[in-house]
Each structure stands twice: as C-alpha cells, then as structure tokens.
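Undergrad: Here's a sequence, model it:
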Amino acid sequence: MLTDYHNHLERGTLSLQYLKQFTDQATAKGIEHFGISEHAYHFYQTKNILSNPWVDARRYYDMEDYKSLFHQAWDNGIDVKMSIEMDYTPGKHEEMAEFIRGYDFDYVIGSIHWVGDFGIDLGEFKHEWELRDIKETYKGYFDQVVTLAQSNLFDIIGHLDLVKIFNYVPTDEQFLLEQYERATTALANSKTCVEISTAGLRKPVGKLYPDPRLLKLCYQKGVPIVLSSDAHVPDDVGRDFDEAIALARSVGYTSLMTFEKGERKEVTLGK
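TA: From the prediction side, this is the model:
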C-alpha cells in the first residue's frame, strides 16, 4: 500500500471541488491512504500557540470550516483523512495538546519551521543563513526534534531534516551524525513516525527528506515510516514516489504505518 499524508489546500480554497482535485490525483496514483494536513498557523484557534508577524499575516481559516469540509467529503463518499500540520512550539506543550484534543484528527503531523525567530525554510529569511552559525542553527533545530518526540503529541514528524532546505549543511560530519543519533533515539522512544517526503526534490536542496544516513538510523532503531509528497497543488500529490520507495527499501523498510482516528496500523510497503 501507499500513503500520502502531508498535503495542503492553502493555495486554493477550503471547498469540496478543490479537495477533490487532490483526492482524484491520489486515486490516479494508486495511493490508498490520503490525507490533508493544513498548516495549523492558518487557523484562528492557534493564535495562543504560534504568533509572530509572519504567521499572523497568514491566519485566515476557522477550524469549523475545516471540519465541515471533511464531513462534506465523507458524505460524498470521498476517502480522505483529516489532519493538521502543527508547528512544534517549545514551551507551548499544554496549548498544543489542548488544540489536538479538541478535534477528531486521524493523525497529527508535528514539524519544525522556526528556530527561535528564524524561519529556516522561508524565502524571506534565506539571507539569515549567511548571518548565522550553521552548527548553532542545526543544534537548535535538532534540539526541537528531540523535544518534539519526547512530547509524544504527534503521530508523524514532517520533513525530518528540513533544516537542509537551502543546502546549508555543516561540514563537520561528526557533528551532523551526532544530531542524527540523538534525534533518532528520541523518536524511537516515542510514538512518532517519520515521513519520507519527496518535497525536498522540489526545493533548492534537491534531495529527499530525510538524508539516507538519518533514515537508516530510524530503521535500525525501529521508527516506523509513512510516505508523503507535501503537495501544495494537486499535480504534486504522489510526485516522485518511486524515489521515496527506493530510499525506504534501500535502508531496509518493507512496511508503512497508516492512521485512522488516531489508531495506527502497519501495512506492506507498495511498489
């Protein structure tokens, strides 16, 4: 079987017509388990969790409208999972837990896009990479991977090494492997799955998330995986999944995890 659990409607509308473009593409690609996971920061209900000028300018959805869209889809026989991608925010564990408990999500993705006030994957902040210490940023990023896992709030961690998006990578190999080691140990001691995301192939780094060495450690420590495209337009659903499947198999994976109403089930990895 195949999953594509990380997808966004933000470039279109919260409408059944637009949602169906995504689900139709998933069906055409043979993806049996498909979900939408809109960014939590778009919703008014998350203002007490993550708030800064960049985020607040993009907060324009209400969770009631989001829920209603999924109920419309289910009433029309469309099989789509309801999820959210939440920016993991240190110091806001209680607020994140309260938000997650408030909705009947099939699964919840936790992702790291901010290291302090630095939006690591945002074009508007790209110049900051030249001004900051790369190792310091990486350590801050992987500090959050560890505490995200330890929080046990999330079913999946999104794009595990997103920090490499603009191809700024520490040249100190030992340092990098130390970050991978502590991150995967924390993930192995949590309920959190790792996604193999094809989105990195469409970014400046031009590589899958996560790095093969990082994924190999996940496999060795028994961390389950899902496949995701992080599609922001329908045509990107399931894109480059042949490469994601090849990477999964190359480190030893033969199964995926699926989710429904918070319950997980292991299935055989498709071709």
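Undergrad: Test my guess that residue 158 contacts residue 226.
TA: No. Using C-beta atoms under 8 Å, residue 158 is not in contact with residue 226; the gap is 10.1 Å. (Glycine included, C-beta is placed from N, CA and C.)
Undergrad: can you list residues touching both of the two?
TA: Shared contacts of residue 158 and residue 226 (C-beta atoms under 8 Å, 6 or more residues apart in numbering): residue 195.
Undergrad: Closest to the centroid, which residue in the chain?
TA: The chain has residue 158 as the residue nearest its centroid, 2.3 Å off, counting by C-alpha atoms, centre = their mean.
Undergrad: Could you report the distance from it to residue 13?
TA: Distance, residue 158 to residue 13, by C-beta to C-beta, to the nearest Å: 23 Å.
Undergrad: From the contact counts, what lies against the helix ranked longest in the chain?
TA: Ranked by number of residues, the top helix in the chain under DSSP state H is helix 134-151. Contacts defined by 3 or more C-beta pairs under 8 Å, 6 or more residues apart in numbering; DSSP states H and E place helix 134-151 against strand 114-115, strand 156-157, helix 173-188.
Undergrad: between the ones you listed, which gets nearest to residue 233?
TA: Closest approach to residue 233 among the helices and strands packed on helix 134-151 is made by strand 156-157 (21.2 Å; C-beta to C-beta).
Undergrad: ok, that closest one: who's next to it in the sheet?
TA: Sheet pairing of strand 156-157 (DSSP bridges) gives strand 107-111 (parallel), strand 193-197 (parallel).
Undergrad: Mean confidence (pLDDT) on that strand, please.
TA: Mean pLDDT, strand 156-157: 98.
Undergrad: got a list of contacts for it?
TA: Outside strand 156-157, the residues that touch it by C-beta under 8 Å, 6+ apart are 5-6, 107-111, 145, 148-149, 187, 192-195, 226, 228.
Undergrad: coming back round to it: once you drop chain neighbours, what's closest to the residue nearest to the centre of the chain?
TA: residue 111 (3.6 Å; C-beta to C-beta, 6 or more residues apart in numbering).
Undergrad: if I read this right, the one you found contacts residue 88, doesn't it?
TA: Yes. Counting by C-beta under 8 Å, residue 111 does reach residue 88; the two are 6.6 Å apart.
Undergrad: which regions of the stretch 101-250 of the chain lie under the pLDDT threshold?
TA: Judged against pLDDT under 70, the stretch 101-250 of the chain has no low-scoring part.
Undergrad: which residues are contacting the helix or strand containing residue 95?
TA: Using DSSP states H and E, residue 95 maps to helix 93-101. Helix 93-101 is contacted from outside by 40, 45, 46, 48, 49, 84, 86, 88, 89, 108, 151, 153, using C-beta under 8 Å, 6+ apart.
Undergrad: That helix vs helix 134-151, what angle?
TA: Here helix 93-101 runs at an angle of 60 degrees relative to helix 134-151 (axes from the mean of the first three to the mean of the last three C-alpha atoms, to 10 degrees).
Undergrad: Can you give me the buried ones in helix 93-101?
TA: Across helix 93-101, burial judged by 16 or more other C-beta atoms under 10 Å covers 93, 96, 99, 100.
Undergrad: Show me how far it is from its chain's centre.
TA: Relative to its chain's centre, helix 93-101 lies at 18 Å (C-alpha atoms, centre = their mean, to the nearest Å).
Undergrad: packing partners for the helix or strand where residue 21 lies?
TA: Element membership for residue 21, per DSSP H and E: helix 16-28. Under the contact criterion of 3+ C-beta pairs under 8 Å, 6+ apart, helix 16-28 touches strand 33-39, helix 63-75.
Undergrad: at 6 Å instead, please
TA: When contacts are defined as 3 or more C-beta pairs under 6 Å, 6 or more residues apart in numbering; DSSP states H and E, helix 16-28 packs onto no helix or strand at all.
Undergrad: what's in contact with that helix?
TA: 4, 7, 12, 34, 72, 73, 78, 80, 234, 237 (C-beta atoms under 6 Å, 6 or more residues apart in numbering).
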